[in-house]
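Asker: sequence and predicted structure, then a few things I'm wondering about:
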Amino acid sequence: MNRRNFLWSSLYSSLIYGAGSLPSLLEESHAAFAPINNRTLINLMCEGGCDFRHLIVPGYNPNQDSFGYKYWQYRRRTHRLGSSPSEWQARWEQDYHGFTIDAPGTLNHGVVFGIWREAAWLIKMYREGKLAIICNAVGGQSRAHDHCQLILNQGNLTSGVTDTERSGWGGRLARSAGGNAVSLTNVLTPFCFGPLGPSAGYEMNAVDNRDSILISDSRNLGVFESDLSIDQMSGIATRHKMARSVAGYYASVRQQGVDAVYNKIMDNELKLREIGALMNERIDFEVPLFIRGLYDDKNHNLNNNSSGQSRRVLKNAEFGEQIRNLFDALASNDILNLRAASLVYGGWDSHAKQRGNDYANGDKHDPNIDRGIEGFFQDIFGGPYYLTSDAPHGALSALWQSLNLIDKEKIVVTVASEFGRQLRDNADHGTDHGRGNIMLVMGEKVQGGIYGELFPQSEVSKYDDFSLTTPDIDGLTEIDSIFNHVCDWVSPNSGQLVFPNQLDAMIEHGVVLNSLFEP
């Protein structure tokens, strides 16, 4: 292995940018999950335009003028159904867990809705009052993936499609809270981009990634360290000799001093070495079984495979690895000074075959079967609760199962997509780009419920109005109005810094988000 390839292999699994606001490095670390010190945001970006109106649906209603009839009439093909109302009713009764909202005097009193049954962890969280469903939410309205993803990641409604060098709202939250934003993905997400300047007066439209950390593989972290105990004349000693040479080189250069232009490189190498060593000591324990089963297809049988052979639980194994990275980052939260974490699940652009090809065939927990976006919902929200007690843990369920209550009470999870889908299906059994959508906020301290009109009556007339070739869910509540409250819970009074335009942001009439969290 030449020196260039050695350095690349030593650094590929993680990058820590800039000077950072990391706490004083611990003198030692122990192999155990450290209690979570500070409230922490976990943000999941569903890239591609997730159709949450497939996950959360109106109850079937035989009244042909009702929302509960129009939805099934004009969305039947996305559910792979025929034209018979009896089929729609059967789909509703068999595949969705129904709720009736009993809240006199509110926008949704008497509304019947259902959550797809295989999203059982989500059902559990709603029943326990820990899931807030934010209706008619909107960020970018251009229907362009790149532009709307940029707006959502940056939390900045003014961002144009070329304004890529602006901070992310996770990075601004971390700076405001005096901590770091950690991306658990293959590349650093724009959500984690930090602003330029100190926390009291940063420039949100410029980027300084001193607080941004990338952990793409938490079990292969840091730089390779030499081991003097091995036979220095053996074949495997070459890598160890090179490691000693690199460490000595950087230590020497650091002692001599270098031009300021190289400070970030030098700082990056030092952090990778020291933080990598501390984290490797901290996470020197087995990955929790339910989390390992998300991506590992060997040495377990957690997903009730009748053949008795091990297989992974998730269709998207890479997302399972993100959950492992997240668990390890939470275990090392004191080392990382973690305040915001970023997850990404892509592939939601469901223009065709939204329910997949094999939605009705085979083992419903087989990750190799194409179930369209329902397979994605199962990956994220599936779990062994209530109506699906024999199901394996999906991603968030496995994470929750692996944490204790005290630590879970320090966490809030937000789930959003760059835009929603249109009200009517298309001829390819899918849906096209829309604007408004549902966004989710969940956690032990969230005051759950429905925020906004779940199925606006103003939409009913849109279904039959064919002069509207692309009818949308109306976007009534902008992201500033939602996420500033999340920021304030994570770090008091940070919302006005992260979202300085929140007072001018649009919010649906009658919606109050001040009560999103327990006092």
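Answerer: Great, that's in hand.
Asker: name the residues of stretch 121-132 that are buried.
Answerer: 121-126, 130-132 (16 or more other CB atoms under 10 Å). (Glycine included, C-beta is placed from N, CA and C.)
Asker: for stretch 173-189, same thing?
Answerer: Applying 16+ other CB under 10 Å to stretch 173-189 flags 173-177, 179-185, 188-189 as buried.
Asker: which among these gets closest to D163?
Answerer: Using CB to CB, T189 comes nearest to D163 of the buried residues of stretch 173-189, at 16.1 Å.
Asker: from K298, how far off is that closest one?
Answerer: 30 Å (CB to CB, to the nearest Å).
Asker: ok, T185 next?
Answerer: 24 Å.
Asker: now do N426
Answerer: Taken as CB to CB, the span from N426 to K298 is 41 Å.
Asker: packing partners of the helix or strand that Q255 is a member of?
Answerer: Applying DSSP states H and E as the criterion places Q255 in helix 237-256. Using 3 or more CB pairs under 8 Å, 6 or more residues apart in numbering; DSSP states H and E, the elements in contact with helix 237-256 are helix 3-11, helix 263-282.
Asker: where do the helices sit along the stretch 401-519 of the chain?
Answerer: 405-408, 460-464, 479-490, 495-498 (DSSP state H, counting those that start in this stretch).
Asker: neighbours around V261, how many?
Answerer: 7 (other CB atoms under 10 Å).
Asker: nope, A340 is what I was after
Answerer: Residues lying near A340 (other CB under 10 Å) number 31.
Asker: okay, it: pLDDT?
Answerer: Note for A340: predicted pLDDT of 98.
Asker: same thing with F6?
Answerer: We have a pLDDT of 39 for F6.
Asker: would you list the helices of the stretch 401-519 of the chain in CSV and tack on mean pLDDT, mean neighbour count and distance to D366?
Answerer: What follows is the helices of the stretch 401-519 of the chain, written out as CSV (pLDDT from 0 to 100; neighbours: other CB atoms under 10 Å; distance: least, CB to CB, whole Å):
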stretch, mean pLDDT, mean neighbour count, distance to D366
helix 405-408, 98, 13, 30
helix 460-464, 96, 16, 35
helix 479-490, 98, 24, 36
helix 495-498, 96, 22, 42
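Asker: just the pLDDT for S389.
Answerer: Note for S389: predicted pLDDT of 86.
Asker: ok, the residue most central in space within the chain to D428 distance?
Answerer: By CA atoms, centre = their mean, the mean C-alpha position of the chain lies nearest to L44, the distance being 1.3 Å. Distance of L44 to D428, given as CB to CB: 27 Å.
Asker: where in the chain is pLDDT low?
Answerer: 1-29, 224, 226, 235, 241, 243, 304, 306-307 (pLDDT under 70).
Asker: end-to-end on stretch 181-193?
Answerer: One end of stretch 181-193 to the other measures 8 Å (CA to CA, to the nearest Å).
Asker: gap between the residue of the chain most remote from its centre and A360?
Answerer: In the chain, M233 marks the outermost C-alpha relative to the chain mean, sitting 47.9 Å out by CA atoms, centre = their mean. Separation of M233 from A360 (CB to CB): 63 Å.
Asker: swap in N38?
Answerer: 46 Å.
Asker: the more surrounded of those two?
Answerer: Each of N38 and A360 has its neighbours counted (other CB under 10 Å); N38 has more, 15 against 10.
Asker: in a strand, that one, correct?
Answerer: No. With DSSP: H, G, I helix; E, B strand; the rest coil as the criterion, N38 is coil rather than part of a strand.
Asker: list the contacts for G293?
Answerer: Contact partners of G293, counting by CB atoms under 8 Å, 6 or more residues apart in numbering, are 300, 302-303, 312-313, 392-393, 398.
Asker: which of those lies closest to Q89?
Answerer: Among the contacts of G293, P392 lies closest to Q89 (CB to CB), at 29.4 Å.
Asker: can you tell me the SS state at the closest one?
Answerer: Three-state call for P392 (three-state DSSP): coil.
Asker: not counting sequence-adjacent ones, nearest residue to it?
Answerer: In space, not counting the residues next to it along the chain, P392 is nearest to N303; the distance is 3.8 Å by CB to CB, 6 or more residues apart in numbering.
Asker: okay, now the one you found: neighbour count?
Answerer: Counted with other CB under 10 Å, N303 comes out at 21.
Asker: go on, R312?
Answerer: For R312, using other CB under 10 Å, the count is 21.
Asker: next: S66.
Answerer: 16.
Asker: contacts only, for it.
Answerer: S66 neighbours (CB under 8 Å, 6+ apart): V460.
Asker: let's number from 848 now, not from 1
Answerer: In the new count, where the first residue is 848, that last one comes out as S913.
Asker: and it, backbone torsions?
Answerer: The phi and psi torsions at S913 (degrees, to the nearest 10) take the values phi -90, psi 160.
Asker: same check, this time on Y943
Answerer: phi -130, psi 140.
Asker: surely it and A966 touch.
Answerer: No. The criterion here is CB atoms under 8 Å, and Y943 misses it with A966 at 9.7 Å.
Asker: which of those two has more neighbours?
Answerer: Between Y943 and A966, A966 has the larger neighbour count (other CB under 10 Å), namely 27 against 22.
Asker: burial count for the closest residue to the more buried one other than its chain neighbours?
Answerer: Among residues not flanking A966 along the chain, F1228 sits closest, at 3.7 Å (CB to CB, 6+ apart). A count of nearby residues for F1228, using other CB under 10 Å, gives 25.
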